[in-house]
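>>> sequence-free structure coming up:
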């Protein structure tokens, strides 16, 4: 299970919730969709929409999703509905694909002929038909299906409808074994739905799993060029995270926070759960890393894997000073060793960042223990962690929370009279958070909506990611946002210029990562 420079909003977006506009020069090949984040926060459930993307047969790599037009960061790629229905459970419950299959077999509504047909399109056989297979997103949109003569839960209806592709018209029925394999490889879920939106919408939190077919067509990369998906009880939203030129493949990460481990562990997870070996740019680059760096990353992974959040919180609650001191010393020792090796042996700043991201857990443990023991929160640590998460899970919930924490830490440092490093500022960190919020939910139309979303990030995510960080700064994030907005409105051009410079630098880094 797979655990923009922004264009002006269409005037129809406020009325309809979702707007369609043209990008590029060919309206038949480039239709962009947008969703009003204000309506989304109010409980609006959007219909299925497909943006300027298409399913493409990739040379030697099967099928994937590519851009039909030049995409900007934050462009909405699709709003996808689940096949048949999702399965919902208690908050924190780890639902598995077999639970979804059982739900379809015994629950209402079950898996109908249309659903079986759509699942058959996700089946990617390893024979000559695989190379000839050509399906489109239209094939996932029809509920018409002929009655199948094949019996069994996995029997796929043969479907013929207007506009369907040749592969769809000839989709072969799935056996029960094939159906289980398709669901196991393509189901997506989490132990909670999007926390900030659930907070804004006053929705009941729950765990969810389902098969979202358009999203299931996306291939994996350990440095994805799309934002982490937004999971609702019955919808999934995906946006671009960087500029993507026409024809380039759009990728997501199948690993979530597990993308923050060394290449060897990532490859093991992907082979175990999805039966493939990742050949993304990050994996290729990490495979060529100096042997000493690789050995240090493995040592950090081995050390951090022996800890978990409950264990760490227990030590803190018991005041185990000696054990915490030992853990902090070991974490700092490993981090210092890695940083020295990166400075001495790795010249590419982007590769340095990718390698740091592979040691994410050790950096996170060091931050947590240092905050607890010193009582004085490091002004740069959360920002460094946010930069690491941006590599493998851009605009994800932990990425937003770390950016919010970083902004609050900068405000605290300012109150103490501490100067940030050259080129850094409270305002710049807030702008980075605003950018990430827009990448995840769409560009907020006004400060009130932005404040609502940012407040929801801190209020809803802090308990869930308690082992990651907490936000208890003297200056709240909403107050910081208001102060920054006031400074900009009074003509503080330096703030805007600094934010623009940071956004361009961040975009250039991610473009390098997606195109290298």
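Perfect, thanks for sending it. Computed from a predicted structure; not experimentally measured.
>>> buried residues in whichever helix or strand residue 183 is part of?
Element membership of residue 183 [criterion: DSSP states H and E] is helix 176-186. Using 16 or more other Cβ atoms under 10 Å as the burial criterion, the residues of helix 176-186 that qualify are 178-186. In short, each C-beta sits where N, CA and C put it, glycine included.
>>> quick check: mean pLDDT across that helix?
Averaged across helix 176-186, pLDDT comes to 93.
>>> show me what that helix is packed against.
In terms of contact count using 3 or more Cβ pairs under 8 Å, 6 or more residues apart in numbering; DSSP states H and E, helix 176-186 is assigned the packing partners helix 97-106, helix 113-122.
>>> got a list of what the residue nearest the centre of the chain touches?
What sits nearest the mean C-alpha location of the chain, by Cα atoms, centre = their mean, is residue 228, with 1.4 Å. For residue 228, the set of contacting residues under the criterion of Cβ atoms under 8 Å, 6 or more residues apart in numbering consists of 252-253, 256, 393-397, 399, 440.
>>> okay, now residue 40: neighbour count?
The local packing count at residue 40 equals 24, with neighbours defined by other Cβ atoms under 10 Å.
>>> surely it touches residue 46?
Yes: the pair formed by residue 40 and residue 46 meets the contact definition of Cβ atoms under 8 Å, at 7.2 Å.
>>> mind listing what's buried along stretch 283-295?
Within stretch 283-295, the residues that qualify as buried are 283, 285-286, 289, 293-294, counting by 16+ other Cβ under 10 Å.
>>> now do that stretch, average pLDDT.
Per-region confidence: stretch 283-295 scores 97 on mean pLDDT.
>>> so which of the helices and strands packed on helix 176-186 is nearest residue 416?
Proximity of the helices and strands packed on helix 176-186 to residue 416 was assessed by Cβ to Cβ; the nearest stretch is helix 97-106, lying at 49.9 Å.
>>> next structured bit after the longest helix seen in the chain?
Counting residues, the longest helix in the chain under DSSP state H turns out to be helix 321-345. Going down the chain from helix 321-345, the next helix or strand is helix 349-357, by DSSP H and E.
>>> for the helix or strand that that next one is followed by, packing partners?
Using DSSP H and E, the next helix or strand after helix 349-357 towards the C-terminus is helix 360-374. Packing partners of helix 360-374 (3+ Cβ pairs under 8 Å, 6+ apart): helix 291-304, helix 309-318, helix 321-345, helix 381-392.
>>> if we go to 6 Å?
helix 291-304, helix 321-345, helix 381-392 (3 or more Cβ pairs under 6 Å, 6 or more residues apart in numbering; DSSP states H and E).
>>> that helix to helix 349-357, inter-axis angle?
Between helix 360-374 and helix 349-357, the angle comes out at 70 degrees (axes from the mean of the first three to the mean of the last three Cα atoms, to 10 degrees).
>>> tell me the angle of helix 360-374 relative to helix 321-345?
Using the same axes, to 10 degrees, one finds that helix 360-374 and helix 321-345 are set 130 degrees apart in direction.
>>> which parts of the stretch 101-250 of the chain are strands?
Remark: strands assigned in the stretch 101-250 of the chain by DSSP state E, counting those that start in this stretch are 188-190, 207-210, 219-220, 230-231, 236-239, 249-252.
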